[in-house]
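>>> How does the following fold in three dimensions:
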Amino acid sequence: MIQQFRPPSVPLITVDPYFSVWSAGDHLYDHHTVHWTNKRNSMVGMIVVDGKTSRFMGKIEMAPDAEYEEPPAFLQKSLKVEPLTTTYLFEGDGIELEVKFMTPLLLNDLDLLSRPASYITFNVRSIDGNVHDVKIYFDVSGDLCVNTADQPIVWDRKLINGQISAMYMGTEEQPILRRVGDDTRIDWGYCYLASPQVSSIKTVIHSYDVRKQFVETRQLLEKDDEQQPRPVQSNPAVMAALVDIGEVDETQVSHFLVLAYDDIHSIEYFGKPLSAYWRRNGMTFEEMITLAITQYEEIQRKCEEFNRELINESQQAGGEKYKDLMALSFRQAIAAHKLVIDEIGEALFLSKENFSNGCIATVDVSYPSIPLFLRYNPEFVKAMMRPIFRYAASEDWTFHFAPHDVGCYPKANGQVYGENKLEYQMPIEECGNMLIMAASICLYDKNASFAKENWGLLTEWANYLIENGLDPENQLCTDDFAGHLAHNANLSIKAIIGIGAYSIMCKLLDKQDGELFYQKAKEMALQWVEMAAADDHYKLTFDSTDETWSLKYNLVWDRLFGLNLFPKDIVEKEIPYYLAKQNKFGTPLDNRNSYTKSDWLVWCASLAKSQSDFEQMIAPLWDFLNESPSRVPFTDWYDTITGKQINFQNRSVVGGLFIKLLTPVGPES
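Numbering: from 1, shown residues only. All right, here's what the predicted structure looks like:
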């Protein structure tokens, strides 16, 4: 099998934190497909060639008393993960089968990106010179619309506009927006399987015994199962489609299906239920499905074009392995969010802090993710920040520093982190993050109006950093898993650059204080050098021994913003030191432990002057993904010696890996 890069888990359906299906095996048929939490989200695919049935996706689990032998696997020859598509190639019985999963998360088209519709395309051709009769079977189970398998579901079907066949299923209870938490799945709304209404495609909703029946007869049952509602764990129901392709020669034949999810309401925002962005002008779900199907060819063309552009750009910027990192992280970074619109018509892009604590719109999760969005559309960074500004301006937020979050997904009703106790907050972290993000929008969007709208809070936070940022008291930073730390040198860098970022916004808005803040940041940077200096590197904390060290990832904005607050020889010392501390799977976060963060690793690598140093720093991250025994969506927190996941998976922070694609920009640019 040709497979140069083996992702630990492969993205198949990637729409939002709930509508999510992955394959955690080397082959698409090794295991059940799963949600990003690794709970089962079962999809099954089979192919019939000249009457012989083979399996190309998922496991065909039957009732315990069933006398049944699973059909053989259709041999997987290759896997290709591109930014917007995942393509598997199979061969057998004289036939080549290409199965392509495509979610059109195009950042320049907010309506298209927010549609909860994902495509599965089957391309078939003969490769032995003969003509073969081919059928494709595909099904999706009720797993996709429940949180736990004991929840009863119902199902039905509809014909949309006389031209689209749609089956759907959802829970009987429909507890819309009631479930809150981290390791959770959606249990409201309806999962759809839709296709053009054509004679070559037949569908049925039935018990998962339909799989066994299909293997035996190569036909679908005629009538839908009427025994509903019933729990997913009791004789699970599946929505199945049979595509009768017919005779196939060397000319490729193509058919597609659409998997979609109607979540009805997506987010609760300060007590009000909000719907997905695509609904903002009153579009119905049926109209959305119709567009998804009628625009298929155009959308496919746009996705293929974007894939080529990003692959070429990332390969030129960072090499072959960097290209693979970009392809794997792109959909994950976007689909860890939900795009909605608030009551005044502004977009909100709300992240879920996956397998961390489930927080929504977390500032120090947004901060590492922004390079991807700055590169393609800074509007998404504004949409990340709006909930924080709204909450910070309310009477409910009583601190003089920036909040950490606005709730627990999907309820954005106010911060929940650390029970809002002062000792559990991240004062310098979040102030610095908000100032840097605001300045990045002004610079990369070439427009400072967003900062002007929120000037009072930005000013308050900049002053907070001047008073408290140079030598931080004992507190948490974004790497909160490492615990509280006083005199944190890397956190001090963030404070100093946050003040510098504020000075940039002052100048862009013709505020008089710009130069004063810049000079203050410059003065603090010089003090930092004296306080953090060790022999051939810079320390973890100002009061620690010279043997301590840490990844100074926050320095990257000094270069990108053209601030030049810190001497250039800091990076010239730090990069060789990081390389010298490298383990098999990368450089640790600091001297205290052998784990690292993939986003911070790439930020530091992007500071390297030479391409060879950059590639040398990120190569172990590629090796980790390729070899890790932890078969989960891209984790950003792992051990550099064992290659095992520590925690976190499927988080938006992998958007930070795109930092190598950002060009430096400053007030003069």
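>>> quick one: buried residues of the top strand by length along the chain?
Longest among the strand segments of the chain by residue count, using DSSP state E, is strand 237-248. Applying a neighbour-count criterion of 16 or more other CB atoms under 10 Å, one finds 237-245, 248 buried in strand 237-248. In this view, the C-beta of every residue, glycine as well, is placed from N, C-alpha and C.
>>> just curious, which of those residues is nearest to residue 443?
residue 239 (47.7 Å; CB to CB).
>>> So what pairs up with that closest one in the strands?
In this entry, residue 239 is beta-bridged to residue 140, residue 205, by DSSP bridges.
>>> who touches it in this structure?
Residues near residue 239 by CB atoms under 8 Å, 6 or more residues apart in numbering: 139-140, 155, 167-169, 191, 193, 203, 205.
>>> what's the distance between it and residue 161?
Distance, residue 239 to residue 161, using CB to CB, to the nearest Å: 20 Å.
>>> With residue 429 instead?
Relative to residue 161, and taking CB to CB, residue 429 is found at 51 Å.
>>> Mind checking which of those two has more residues around it?
Between residue 429 and residue 161, residue 429 has the larger neighbour count (other CB atoms under 10 Å), namely 28 against 12.
>>> Work out for me the element the more buried one sits within.
helix 427-444 (DSSP states H and E).
>>> So what's the gap between that helix and the chain middle?
21 Å (CA atoms, centre = their mean, to the nearest Å).
>>> Give me the contact list for the next helix or strand after it.
Toward the C-terminus, helix 427-444 is succeeded by helix 449-453 as the next helix or strand (DSSP H and E). Helix 449-453 has contacts (CB under 8 Å, 6+ apart) with 382, 385, 438-439, 441-442, 458, 505, 508-509.
>>> got the buried residues for the next helix or strand after helix 449-453?
Using DSSP H and E, the helix or strand that directly follows helix 449-453 along the chain is helix 455-468. Under the neighbour-count criterion of 16+ other CB under 10 Å, helix 455-468 has 457-459, 461-462, 464-466, 468 buried.
>>> Could you measure from residue 533 over to residue 477?
21 Å.
>>> Of those two, give the one with the bigger neighbour count.
More crowded of residue 533 and residue 477, by other CB under 10 Å: residue 477, with 21 against 16.
>>> Now do the same for residue 29: helix, strand or coil?
coil (DSSP: H, G, I helix; E, B strand; the rest coil).
>>> Skipping its backbone neighbours, what lies nearest it in space?
residue 73 (4.6 Å; CB to CB, 6 or more residues apart in numbering).
>>> For the one you found, give the beta-bridge partners.
Bridge pairing for residue 73 - DSSP bridges - gives residue 55.
>>> Show the model's pLDDT score for it.
Per-residue pLDDT puts residue 73 at 96.
>>> ok so, going back, same list (the contacts of residue 239) but as CSV, adding pLDDT.
What follows is the contacts of residue 239, written out as CSV (pLDDT from 0 to 100):
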residue, pLDDT
139, 98
140, 98
155, 98
167, 98
168, 98
169, 98
191, 98
193, 98
203, 97
205, 97
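>>> buried set for the helix or strand hosting residue 210?
For residue 210, the element it lies in under DSSP H and E is helix 209-217. Of the residues in helix 209-217, 209-215 count as buried by neighbour count, 16+ other CB under 10 Å.
>>> mind checking how far it is from the chain centre?
36 Å.
>>> ok, residue 355 to residue 37 distance?
With CB to CB as the criterion, residue 355 and residue 37 are 7 Å apart.
>>> got any residues that touch both of these two?
residue 183.
>>> now the strands for the stretch 201-350 of the chain?
Assigned by DSSP state E, counting those that start in this stretch, the strands in the stretch 201-350 of the chain fall at 201-207, 230-231, 237-248, 253-262, 267-269, 272-274, 337-341, 347-351.
>>> Save those strands as a markdown table, and put in distance to residue 513 too.
Below are the strands of the stretch 201-350 of the chain laid out as a markdown table (distance: least, CB to CB, whole Å):
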| stretch | distance to residue 513 |
| --- | --- |
| strand 201-207 | 65 |
| strand 230-231 | 63 |
| strand 237-248 | 61 |
| strand 253-262 | 49 |
| strand 267-269 | 34 |
| strand 272-274 | 37 |
| strand 337-341 | 34 |
| strand 347-351 | 30 |
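>>> Between the ones you listed, which one is closest to residue 446.
Among the strands of the stretch 201-350 of the chain, strand 347-351 sits nearest to residue 446 (CB to CB), with 18.9 Å.
>>> Residue 156 is in contact with residue 168, isn't it?
Yes. With contacts defined as CB atoms under 8 Å, residue 156 counts as touching residue 168 at a distance of 6.3 Å.
>>> And these two? Which one has more around it.
Taking neighbours as other CB under 10 Å, residue 156 and residue 168 compare with residue 168 leading, 22 against 13.
>>> Could you pull up the residues touching the more buried one?
155-158, 190-193, 239, 262.
>>> Could you rerun that using 6 Å?
190, 192 (CB atoms under 6 Å, 6 or more residues apart in numbering).
>>> element containing the closest residue to residue 430 other than its chain neighbours?
Once flanking residues are discounted, residue 430 sits nearest to residue 402: 3.9 Å by CB to CB, 6+ apart. Using DSSP H and E, residue 402 falls within no helix or strand.
>>> Many thanks, have a good one.
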